[in-house]
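Colleague: return atomic coordinates for the entry below.
(one chain, ligands or ions: 2)
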Amino acid sequence: MTQSEPGAPEDGAPGARPAPEATILVVDDEPELCRALSKLLSRNGYEVLTAGNGEEALQALRRQEVHLVLSDLQMPRMGGLDLLKAAQIISPATEFVIITGHGTIETAVDAMKSGAYDFIEKPFSTSTTLKVVRKALEKQNLLTENLQLRRRLEEIQGTSDIIGRSEPMRRVVATAQQAAPSSATILITGESGTGKEVFATAIHRWSERARRSMITVSCAALPETLLEAELFGYEKGAFTGAVARRKGRFELADRSTLFLDEVGEMSPATQVKLLRVLQEGTIERLGGGESVSVDVRIIAATNTDLPALVEAGRFREDLFYRLNVINVELPPLRRRGDDVILLADFFLARYNAKNGKHLTGFTPEAQDVLGRYAWPGNVRELENAVERAVVLSRQSQVDVDALPPHVVAGRARKEQIVIPVGTTLRDAEMELIQATLESAGGDKETAARILGIAARTIYRRLQ
Ligand SMILES: Nc1ncnc2c1ncn2[C@@H]1O[C@H](COP(=O)(O)OP(=O)(O)OP(=O)(O)O)[C@@H](O)[C@H]1O
Ligand SMILES: [Mg+2]
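Modeller: Ligands and ions are numbered 1, 2, ... in the order given. Predicted coordinates:
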C-alpha cells in the first residue's frame with residue numbers, strides 16, 4: 001500500500017529529517033485505527049495523543065497545546081464535524097484534518113467549508129497521510145508565526161493607542177494630552193467600558209513619568225484594611241500577619257503615576273488618609289510613625305457620579321476637589337458617531353489575529369446594526385460583540401447573523417429624550433415614563449424599577 005513519492009519521507013525511516021516539533025491528536029472510535037495512525041505518526045517524530053471520542057478530544061484540547069487534530073468523521077454521539085466546530089472555539093489555532101470512510105466525501109467537503117484543512121479517505125496510504133499531515137502543520141506553523149508577529153507589532157506600536165476621531169473624542173484627547181506633562185491630579189469619569197483605564201495608561205505614557213511603570217490600585221477590589229495596607233504599606237508587626245515591613249503602592253509609585261481605579265468605592269476612613277497624602281505629599285506606613293515623602297502623580301477614575309456621592313455624604317467634598325483638579329470626561333460610545341465602526345474594525349483586526357481568521361470587514365447591514373445600537377456597555381461591549389462575531393463568522397465578512405441578537409434587535413436604543421424648556425412637569429414626567437416603558441419592552445414592572453417608583457404609579461399615570 002505504501003506508494004513512495006519523490007520527496008516524501010519514508011515511512012519509519014528514522015533520522016531522515018529532523019523530528020517535527022508538533023503534537024497531533026488522533027480521534028477515532030476504532031481503537032485499531034487509532035493505534036495504527038498513532039504508530040505511524042510517532043515513528044515519524046510527531047508527539048501523538050489519542051482520543052476514543054469527541055468529548056475526550058475536547059478535554060485534551062483544553063488541557064494542552066495541540067497543533068493538529070486528525071479525526072474520524074463518523075463517530076457515535078459527537079461526530080467529526082461537531083468536534084471541529086467545538087475545537088475552533090476551544091483552540092482556534094489548531095488545524096483539523098478529517099478521516100472519512102467510503103461514500104462520505106460530501107460530508108468531508110462540508111467539513112472543509114467549515115474550516116477543516118483537508119481530508120483523508122479510508123483506507124489511506126501512509127505516504128498520503130504523512131503528506132497531508134505535513135502540509136497541515138506547515139499551514140498551522142505559518143499561522144502561529146503570523147500571529148506572533150502581529151502581537152509583537154502590537155507591542156511595539158503600543159496597545160494603549162486610543163482609537164477615535166469623533167469630535168467629543170478629539171476634545172477629550174486634547175485635554176488629556178495638555179494635562180499629561182504636568183503633575184496635576186486627574187479625575188477620569190465616564191460610564192463603564194468607555195476607556196478610563198485606556199486613558200489613564202495613555203496619560204502616563206505621555207508624561208515624563210513614563211520611564212517608570214504606572215502603579216494601579218482598584219479601590220473596589222479590596223476590603224478597607226487590605227486596601228490601606230496596599231496603598232500605604234506597613235511596618236513589621238502592624239497587625240497579625242505583618243511579619244515583615246512592606247512598601248505600599250504609594251512608595252512604589254514614587255516618581256511615577258498611581259492609578260486609583262473606582263475611587264468612588266473608597267471607605268470614609270481611607271478617604272481621610274488619602275486626603276492627607278494629597279495635602280502633605282507624605283505617607284505613613286501602617287503601624288509606623290515615620291513619614292516618607294513621595295512624589296506621586298495621581299490619576300483617579302470612577303464610573304459613579306461623585307458629586308452625587310458627595311451630596312449623599314458618602315464621599316468627602318474636600319477629597320473630591322483635590323482629585324478633580326483636571327476632569328477628563330469620557331463620552332459614552334453612543335455619542336461618538338463613526339467611532340463605533342472605527343473601533344469595530346480595530347477589534348476585528350485584533351481578534352482576526354488572535355483566532356487565525358481573515359475576516360475582511362462588516363457587511364453594510366452589520367455596520368448599520370452596529371451604528372444604531374446604543375451600547376450601554378460602551379467600548380467593552382462592542383469589543384465583546386466583535387470577538388464573538390469573529391469566532392462565529394463563517395463568511396469572509398461579519399454579517400448580522402454573527403452579531404449578538406439583542407444588538408440586532410436594537411434594544412437599549414432609545415435612551416435619550418429631549419424635553420424642551422417650557423414643558424410642564426406633568427408632561428415631562430409622562431414623556432419619561434413612556435420612553436422608559438418603551439425601552440423596557442412594555443414591561444411595566446421593569447420600567448417602574450428603573451424609574452424608582454411603584455408599578456401602580458405607572459398604571460395610574462397611563463390612565
Ligand atoms: N478609545 C479606545 N481605543 C481602543 N480600545 C479601547 C478604547 N476605549 C476602550 N477600549 C477598550 O475597551 C475595553 C474597556 O476599556 P477600559 O477598561 O479602559 O474601560 P473603563 O472605562 O475602565 O471601564 P470600567 O468602568 O468598567 O472599569 C478595553 O478592552 C479597552 O482596551
Ligand atoms: Mg476600568
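
Colleague: where do the helices sit along the stretch 151-300 of the chain?
Modeller: All helices of the stretch 151-300 of the chain, identified by DSSP state H, counting those that start in this stretch, fall at 167-179, 196-205, 224-232, 249-252, 268-280.

Colleague: any idea of the angle the first one forms with helix 196-205?
Modeller: With axes from the mean of the first three to the mean of the last three Cα atoms, to 10 degrees applied, the angle from helix 167-179 to helix 196-205 works out at 40 degrees.

Colleague: quick check: mean pLDDT of helix 167-179?
Modeller: Helix 167-179 comes out with an average pLDDT of 90.

Colleague: before we move on, what about the shortest one?
Modeller: Taken as a whole, helix 249-252 carries a mean pLDDT of 95.

Colleague: kindly report the same for the third one.
Modeller: When the per-residue pLDDT values of helix 224-232 are averaged, the result is 91.

Colleague: before we move on, what about stretch 92-107?
Modeller: Here the average pLDDT along stretch 92-107 is 81.

Colleague: that stretch: which residues count as buried?
Modeller: 92, 94-100, 104, 107 (16 or more other Cβ atoms under 10 Å). Placement of C-beta: from N, CA and C, glycine included.

Colleague: among these, which lie within helices?
Modeller: Mapping the buried residues of stretch 92-107 onto helices (DSSP state H) picks out residue 107.

Colleague: identify, from the buried residues of stretch 92-107, the entry nearest to ligand 2.
Modeller: residue 92 (27.0 Å; Cβ to the ion).

Colleague: which residues touch the residue nearest to the closest one when sequence neighbours are not counted?
Modeller: Spatial nearest neighbour of residue 92, excluding adjacent residues (Cβ to Cβ, 6 or more residues apart in numbering): residue 355 at 4.2 Å. If you count contacts by Cβ atoms under 8 Å, 6 or more residues apart in numbering, residue 355 has them with 92-93, 390-391.

Colleague: 10 Å - rerun?
Modeller: Going by Cβ atoms under 10 Å, 6 or more residues apart in numbering, residue 355 touches 88-89, 92-93, 147, 387, 390-391, 393.

Colleague: what do you get for residue 427?
Modeller: residue 419.

Colleague: does it count as helix, strand or coil?
Modeller: helix (DSSP: H, G, I helix; E, B strand; the rest coil).

Colleague: weed out the non-buried ones from the contacts of residue 355.
Modeller: 88, 92, 147, 387, 390, 393.

Colleague: can I get those in JSON lines with secondary structure and distance to ligand 1?
Modeller: Formatted as JSON lines, the buried ones among the contacts of residue 355 follow (DSSP: H, G, I helix; E, B strand; the rest coil; distance: Cβ to the nearest ligand atom, whole Å):
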{"residue": "88", "secondary structure": "helix", "distance to ligand 1": "23"}
{"residue": "92", "secondary structure": "coil", "distance to ligand 1": "19"}
{"residue": "147", "secondary structure": "helix", "distance to ligand 1": "19"}
{"residue": "387", "secondary structure": "helix", "distance to ligand 1": "10"}
{"residue": "390", "secondary structure": "helix", "distance to ligand 1": "15"}
{"residue": "393", "secondary structure": "coil", "distance to ligand 1": "20"}
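
Colleague: which of the residues you listed lies closest to residue 313?
Modeller: residue 387 (41.3 Å; Cβ to Cβ).

Colleague: any idea which element the closest residue to that closest one other than its chain neighbours lies in?
Modeller: Excluding its sequence neighbours, the residue lying closest to residue 387 (Cβ to Cβ, 6+ apart) is residue 351, at 4.8 Å. Using DSSP states H and E, residue 351 sits within helix 339-355.
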